[in-house]
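*Asks:* with the sequence up front, the predicted model follows.
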Amino acid sequence: MNYEKLAELLFANITKTPADYEKEFPKRNLPDGAKVTRLGPSPTGFIHLGNLYGAFVDERLAHQSGGTFFLRIEDTDDKRFVEGAVETIITSLKFFDINFDEGAGMDGDTGSYGPYHQSRRAEIYQCFAKEMIKKGQAYPCFLTEEEIAEIRAKQEANKENPGIYGKWAKSRELTIEQIEENLKSGKPYVIRLKSQGDWACEPDKAKTISVEDAIRGTLTMPENTADVVILKANGIPTYHFAHVIDDHFMRTTHVVRGEEWLPSLPIHVELFNALGFELPIYCHTAQLMKIGEDGNKRKLSKRKDPELSLDYYRNEGYHPAAVREYLLTILNSNFEEWRIANPDAPIDEFEFTAEKMSNSGALFDLNKLNDICKDVLVKIPAGELCEFMKKWAKEFKPEILHLFEGNEAYIEKIFDLGRTGDKPRKDLIYAKQMFEFISYFFDDYFKIEDEYPQNVSQEDAKAVLSAYLETYNHQDDQSEWFGKIREIATNLGYAAKPKDYKKNPDMYKGHVGDVSTVIRIAVMGRSQSPDIWEIQQILGEERTRQRIAKML
RNA sequence: GUCGCCAUGGUCAAGUGGUCAAGACGUAGCCCUCUCACGGCUGAGUCCGGGGUUCGACUCCCCGUGGCGAUACCA
């Protein structure tokens, strides 16, 4: 077979050579140890926590080492393209402070290793397909869908390995005349790798390949034997081929991708070897999982898990810093310890390593996220929280935006309620919940939500409130104020201290806590809240008196 | 079906042949306390099963089992 002639026949329009591309995309000039990573999403317009998880690994690896992190759009499957998806990807990640150094962008590509859309790289892929044909490493395959289905059926019946390989790869035998004929008659064809793997050997004698994975250590797998498609009938490459070409010419040093790619690693290794490219360092991450309806773990799914969409967290108003913090705790098991030892250090000072990553899939844990949120938000100054919430409201709850008008100082005081001192309150979790927390400070949203305690009669409740209103002095300090409550309690037959009541429950109707609950409900509408006195100081005298009077 | 990855409490996990098997979230109780939150203390709760190897296995090997994934001209 004259491969040279075949290559020209198939790719007459390809004039550039591999050497041209090697020259055009030279090795990057980066400091020693700098890592080059990439995110390669397909533009389906949907991005979830799992994507963020992976992107975070890429971002940390690159930026921690003084390297480069770029965005490559893997749009080789035109069926899946969704308008505006690239913008969604970029803005969603940016919200979580994940930024690209080069690659596809909002207004075109930046960087000199592009184009960064695979759909615009057809010429490059074809050049290398041509090269492989020239070297007898690839061939055109004219098998139809039906023929392939037939082959699969036979293989299944004979319990043989599935796929096109060795004896099944009929198009390998085609003479150049036959190929020319097929071409002339317009038969569609794909380009397949002519695998050098030994498909005919005994299963247990199969040759193996060994690859170092930065997360999983040495991986040993059987070599590839399948003649996989590298170029589809439309001239667009499959993922396998695009990955090898792109990551070589974009000079990616670390390929971070989900473990679902593990089974096709042998294909990639054969491809890298065939082309004479150096293998990148692979980092196969475990997938983020979720408990399914059947109680089993399963991979995050786009369709079934809208609450795992990144948008969900923005909607609820989770603070990006908290989400990052959470992600890091599941990404690197030593992060939590580090955080305890360095409670105030910037998160970027933590040294993230691929080696410390878990190789089994973590279950997403909302409890843990919420807990982390509390710790993160308690350290954010009230002014910033106010800004954060305003931004959130603008996007997701515009009807409350007016509350912020000129009320910034008021809201900041609410956020700071009991937040100072050694044991600061940690009430704030995410924006939606924060609004709930502050809502009763606004008359529009104030409503009585809870009921008086069981052991307080309606008469007693009224008596408490009228006595409270009578003796109320907005200028009282906290202990003066509480002294009065104790007095009201005692006068009505309630214990001044809960302990007294505990000791002699028969002697009292209840204790001072019940009395203050009545006041709490009148002023806040709920039985649970931070310190009443502090809240009243924020509400102001007039509003406080009004609310109590209204309950009488 | 075949192939691959994974397997420590409810969850995240430390652990690399000898440990009373860390820690965090959650959970139960107690303390602090006018409620809640915070904080403190205490408790319950784990090495998937079976074979080996070894003086000794959570740790190493094999076989099961389970979960996940791959088996496409999807990524």
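*Replies:* Cool, the structure landed.

*Asks:* please count neighbours and contacts with C-alpha atoms only from this point.
*Replies:* Will do.

*Asks:* now A:L465: which helix or strand?
*Replies:* helix A:458-471 (DSSP states H and E).

*Asks:* what about A:R121, how many neighbours?
*Replies:* Neighbour count for A:R121, taken as other Cα atoms under 10 Å: 18.

*Asks:* phi, psi of it?
*Replies:* Backbone torsions of A:R121, given as degrees, to the nearest 10, read phi -110, psi 20.

*Asks:* where's it relative to RNA strand B, distance?
*Replies:* 13 Å (Cα to the nearest atom of the strand, to the nearest Å).

*Asks:* buried ones in the helix holding A:L465, by neighbour count?
*Replies:* Neighbour-count burial for helix A:458-471, with 16 or more other Cα atoms under 10 Å as criterion, is recorded at A:460-462, A:464-466, A:468-469.

*Asks:* I'd like to know how far A:K394 sits from RNA strand B.
*Replies:* Here A:K394 is placed at a distance of 27 Å from RNA strand B (Cα to the nearest atom of the strand).

*Asks:* how many neighbouring residues does that residue have?
*Replies:* Neighbours of A:K394 (other Cα under 10 Å): 13.

*Asks:* so it sits in a helix?
*Replies:* Yes - using DSSP: H, G, I helix; E, B strand; the rest coil, the assignment for A:K394 is a helix.

*Asks:* so the residue in chain A that RNA strand B sits nearest to, which state does it fall into?
*Replies:* Proximity of chain A to RNA strand B (Cα to the nearest atom of the strand) peaks at A:G513, 2.8 Å away. Look at A:G513: counting by three-state DSSP, its state is helix.

*Asks:* confidence score at it?
*Replies:* On the pLDDT scale, A:G513 is placed at 91.

*Asks:* can you tell me the closest non-neighbouring residue to it?
*Replies:* Excluding the flanking residues, the one nearest A:G513 by Cα to Cα, 6 or more residues apart in numbering is A:P498, at 7.0 Å.

*Asks:* distance-wise, check that neighbour relative to A:A214.
*Replies:* 59 Å (Cα to Cα, to the nearest Å).

*Asks:* neighbour-wise, which of the two wins?
*Replies:* It is A:A214, of A:P498 and A:A214, that has more neighbours when counted by other Cα under 10 Å, with 20 against 15.

*Asks:* who does the nearest residue to A:A55 once chain neighbours are set aside bridge with?
*Replies:* Distances taken as Cα to Cα, 6+ apart place A:L39 nearest to A:A55, at 6.2 Å, with adjacent residues excluded. Using DSSP bridges, the bridge partners assigned to A:L39 are A:L71.

*Asks:* which residues touch A:L39?
*Replies:* Shown in contact with A:L39 (Cα atoms under 8 Å, 6 or more residues apart in numbering): A:55, A:58, A:69-72, A:256.

*Asks:* JSON lines for the residues you listed, including pLDDT?
*Replies:* Below are the contacts of A:L39 laid out as JSON lines (pLDDT from 0 to 100):
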{"residue": "A:A55", "pLDDT": "93"}
{"residue": "A:D58", "pLDDT": "94"}
{"residue": "A:F69", "pLDDT": "97"}
{"residue": "A:F70", "pLDDT": "96"}
{"residue": "A:L71", "pLDDT": "96"}
{"residue": "A:R72", "pLDDT": "95"}
{"residue": "A:V256", "pLDDT": "94"}
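
*Asks:* tell me which parts of the stretch 401-550 of chain A are close to RNA strand B?
*Replies:* A:423-427, A:482, A:497-498, A:512-514, A:516-517, A:527-533 (Cα under 7 Å from any atom of the strand).

*Asks:* give me that answer again for 6 Å
*Replies:* A:423-427, A:497-498, A:512-513, A:516, A:527-532 (Cα under 6 Å from any atom of the strand).

*Asks:* now the end-to-end length of stretch A:148-165.
*Replies:* End-to-end distance (Cα to Cα), stretch A:148-165: 11 Å.

*Asks:* and what of stretch A:527-546?
*Replies:* 18 Å.

*Asks:* just stretch A:67-83 next, same as before
*Replies:* End to end - Cα to Cα - stretch A:67-83 spans 31 Å.

*Asks:* related to what we said a few turns ago, count the residues that sit near the residue of chain A closest to RNA strand B.
*Replies:* 18.

*Asks:* now A:G235, what are its backbone angles?
*Replies:* Backbone geometry at A:G235, expressed as degrees, to the nearest 10, gives phi 80, psi 0.

*Asks:* contacting residues for it?
*Replies:* Counting by Cα under 8 Å, 6+ apart, A:G235 has contacts A:122, A:126, A:190.

*Asks:* ditto for A:T37
*Replies:* Counting by Cα under 8 Å, 6+ apart, A:T37 has contacts A:58-59, A:61-62, A:68-70, A:252-256.

*Asks:* quick one: which of those residues is most hemmed in?
*Replies:* Of those, with other Cα under 10 Å as the count, A:D58 tops at 28 neighbours.

*Asks:* pretty sure that one is touching A:F69, no?
*Replies:* Yes - counting by Cα atoms under 8 Å, A:F69 is a contact partner of A:D58 at 6.8 Å.

*Asks:* shared neighbours of these two, which are they?
*Replies:* A:37-39.

*Asks:* shaky segments in the stretch 251-400 of chain A?
*Replies:* A:289-308 (pLDDT under 70).

*Asks:* enumerate the residues of it near RNA strand B.
*Replies:* So the stretch 251-400 of chain A meets RNA strand B at A:260-264, A:296-299, A:329-330, A:333, A:358-360, A:362-363, A:365, A:367-368, A:371 (Cα under 6 Å from any atom of the strand).

*Asks:* in the stretch 351-500 of chain A, which spans are strands?
*Replies:* A:494-495 (DSSP state E, counting those that start in this stretch).
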